[in-house]
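Student: whatever this is, show me its structure:
(2 chains)
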Amino acid sequence: MLKKRIIPCLDIKDGRVVKGVNFVELRDAGDPVESAKEYNDLGADELVFLDITATKEKRKTLAELVEKVAAQVFIPLTVGGGIRTVEDMQFILRAGADKVSVNSAAVKNPELVREGALKFGSQCIVGAVDAAKRENADGWEIFIHGGSKETGIDLIEWVKELESLGAGEILLTSINADGTKEGFDLEMLQAVTEAVNIPVIASGGAGSIQHFIDVFKKTGADAALAASIFHFGEIAIKDVKAELEKAEVPVRIEEK
Amino acid sequence: MIAIIDYGAGNLNSIQKALEFVGEETVILEEGKVEELAKYDGLVLPGVGAFPGAMKRLKENNFVDFIEKFVATGKPFLGVCLGMQLLFECGFEDQKTAGLGLLKGDIIKMETEYKVPHMGWNQLEIIKDDPLFKDLPENPHFYFVHSYQLAEVTDEVLAAVGYGSTVPAVIRKDNVIAFQFHPEKSGDNGIQLLQNFRELL
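Tutor: Numbers count the residues shown, from 1 in each chain, chains lettered A, B, ... in the order given. A predicted model of the protein is given here:
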């Protein structure tokens, strides 16, 4: 049976891992290779690197970082942040990433997803989506530019389109839940997992082990991503997995 | 030294880095030159992509004869993911295409009630023990990404996983070895398995 995945997300700035709460008070949290190795040892099923300063000039630094990590850590590696063209994708995949995630650029140019999927395969293309509940209507709306700009586009329509364009996975962040530590946005996740047949990674809101149990028990999510609670050592991945197993959620725990 | 076949099918980087990580020298081959066979202790056929195009490129770059002659030397030959599927008799992705025919069976679209592609970590059931499984945990996890599979559990299948149906995952006939999953993406287990493959050299 396929296992539910636990994915730590590492924010990268200028080739270093940074920690911060809501992008405020960023502080250097070390060498990405060491962080990646540590997460691998702790039982992370995949890693996501999000380049939060992504600019053209920094792209080379990011590629060098990916190359170093990929030579030492042998679990799937997704890289996102500022990927705007097929060339950007190729550059990062060549460096050793297994998947690239696209967010704002896909909204502005949906063909980017199609072209990427055709060239590299759907399994390489993660559609990252930030969404929030509509204020005066049912459903959810997607936002771009790190959640700061509304688009008017309906979440469910957009994830269906991402799937038909060839995205291999959806990384869904709830703007309402993000940073609250009050749990994943179960209602939104359930709506999205019912709408598409590709794997959905839940993001935003994790604050306790119970939240991970809830997201897998109450929605069709295939994976759950978190950043700060893992970095700050508030919750250990090992403990999350042990509790998930007790709750009869299938997870990868090696019997040594 | 292990030679890795490059036929334009996806990322060779990861498998190369993983083999180097276990201490093996590697070389990437863009064309099959039979006269150079003796230089290599092992051969790896990786691959991501579709069966028909991959077979076409293997033929165009003179790899079909190269692989057959390499296998005849008795030295270890490993196929990974699509590279694994190409070792069988026939593929049914997009159209019916003859494979390399080094192992028995056909490659068909996965039939399961679950999502396809089969993507993520799944746990092996060992059917026949083998030195390849040395020092691995019981029912080890490996990372899979694929939509097609070997149709039947033949007598050459050493391990399989469950995904609504049975999916053959490790197949071996003498020096021809095939992994449906990606050892280069399977963490410590993948590294151990590649180490075990290396010990066959």
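
Student: A:M188 touches A:L172, doesn't it?
Tutor: Yes: using Cβ atoms under 8 Å, A:M188 is in contact with A:L172, at 7.1 Å. Any C-beta I mention is one placed from the backbone N, CA and C, and that applies to glycine too.

Student: name the residues contacting each of the two.
Tutor: Counting by Cβ atoms under 8 Å, 6 or more residues apart in numbering or on different chains, the residues touching both A:M188 and A:L172 are A:A131.

Student: any regions of the chain where pLDDT drops low?
Tutor: Looking at chain A here, since you left the chain open. A:20-29, A:54-57, A:256 (pLDDT under 70).

Student: nope, chain B please
Tutor: Checking chain B against pLDDT under 70 turns up B:9-11.

Student: which of A:M188 and A:L172 has more neighbours?
Tutor: Set A:M188 next to A:L172 and count neighbours by other Cβ atoms under 10 Å in any protein chain shown: A:L172 wins out with 29 against 25.

Student: which element is the more buried one on?
Tutor: Using DSSP states H and E, A:L172 sits in strand A:169-174.

Student: for B:Q149, same thing?
Tutor: Element membership for B:Q149, per DSSP H and E: strand B:148-150.

Student: mind listing what's buried along the helix or strand that comes right after that strand?
Tutor: Next in sequence after strand B:148-150, counting helices and strands by DSSP H and E, comes strand B:157-162. Of the residues in strand B:157-162, B:157-161 count as buried by neighbour count, 16 or more other Cβ atoms under 10 Å in any protein chain shown.

Student: tell me how far the helix or strand following the strand holding A:L172 is from the chain's mean position?
Tutor: Next helix or strand after strand A:169-174 toward the C-terminus (DSSP H and E): helix A:186-195. Put simply, helix A:186-195 sits 16 Å off its chain's centre (Cα atoms, centre = their mean, to the nearest Å).

Student: any part of helix A:186-195 near chain B?
Tutor: No: with Cβ under 8 Å from any Cβ of the partner chain as the criterion, chain B is not reached by helix A:186-195; the gap is at least 10.2 Å.

Student: equivalent analysis for stretch A:126-139, please.
Tutor: No: if you take Cβ under 8 Å from any Cβ as the test, stretch A:126-139 misses chain B, and the best it gets is 11.3 Å.

Student: what's next to that stretch, contact-wise?
Tutor: Against stretch A:126-139 from outside (Cβ under 8 Å, 6+ apart): A:78, A:80, A:99-103, A:106, A:113, A:140-144, A:146-147, A:154-156, A:158-159, A:162-163, A:165, A:167-176, A:188, A:191, A:201.

Student: sort out for me which of those residues are in strands.
Tutor: Per DSSP state E, strands hold the following members of those: A:78, A:80, A:99-102, A:140-144, A:154, A:169-174, A:201.

Student: could I get the biggest strand by length in chain B in CSV with only the CA atoms?
Tutor: Identified as the longest strand of chain B according to DSSP E is strand B:166-173. What follows is strand B:166-173 as a C-alpha-only set of coordinates in CSV (Å, rounded to 0.1, in the frame of the first residue of the first chain):
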residue,chain,number,x,y,z
THR,B,166,0.1,-6.9,-7.4
VAL,B,167,3.0,-4.9,-8.9
PRO,B,168,6.2,-6.7,-9.6
ALA,B,169,9.1,-4.5,-8.3
VAL,B,170,12.3,-6.5,-8.4
ILE,B,171,12.9,-9.0,-11.2
ARG,B,172,16.1,-11.0,-11.8
LYS,B,173,17.3,-13.6,-14.2
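
Student: buried sites along it?
Tutor: Residues of strand B:166-173 classed as buried: B:166-173 (neighbour count, 16+ other Cβ under 10 Å).

Student: adding distance to B:T112, write the residues you listed out as CSV.
Tutor: Below are these laid out as CSV (distance: Cβ to Cβ, whole Å):
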residue, distance to B:T112
B:T166, 10
B:V167, 8
B:P168, 14
B:A169, 14
B:V170, 19
B:I171, 19
B:R172, 24
B:K173, 26
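
Student: so which of the residues you listed comes closest to A:A195?
Tutor: Proximity of the buried residues of strand B:166-173 to A:A195, judged by Cβ to Cβ, is greatest for B:V167, which lies at 26.8 Å.

Student: tell me what the closest one is bridged to.
Tutor: B:V161 (DSSP bridges).

Student: hmm, it is touching B:A159, no?
Tutor: No: counting by Cβ under 8 Å, B:A159 is not a contact partner of B:V167; they are 10.1 Å apart.

Student: ok, back up a step: which two in the buried residues of strand B:157-162 are spaced the farthest apart?
Tutor: B:L158 and B:V161 (12.2 Å).

Student: quick one: end-to-end length of stretch A:229-249, please.
Tutor: 21 Å (Cα to Cα, to the nearest Å).

Student: now the longest helix along chain B - C-alpha only, PDB.
Tutor: Longest helix of chain B, by residue count under DSSP state H: helix B:187-199. What follows is helix B:187-199, C-alpha atoms only, in PDB (Å, rounded to 0.1, in the frame of the first residue of the first chain):
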ATOM      1  CA  GLY B 187      16.800   7.100   0.800                       C
ATOM      2  CA  ASP B 188      18.900   4.700   2.800                       C
ATOM      3  CA  ASN B 189      17.300   1.600   1.400                       C
ATOM      4  CA  GLY B 190      18.000   2.700  -2.100                       C
ATOM      5  CA  ILE B 191      21.600   3.300  -1.300                       C
ATOM      6  CA  GLN B 192      21.900  -0.100   0.400                       C
ATOM      7  CA  LEU B 193      20.400  -1.800  -2.700                       C
ATOM      8  CA  LEU B 194      22.800  -0.100  -5.000                       C
ATOM      9  CA  GLN B 195      25.600  -1.100  -2.700                       C
ATOM     10  CA  ASN B 196      24.400  -4.700  -3.000                       C
ATOM     11  CA  PHE B 197      24.200  -4.400  -6.800                       C
ATOM     12  CA  ARG B 198      27.800  -3.100  -6.700                       C
ATOM     13  CA  GLU B 199      28.900  -6.100  -4.800                       C
END
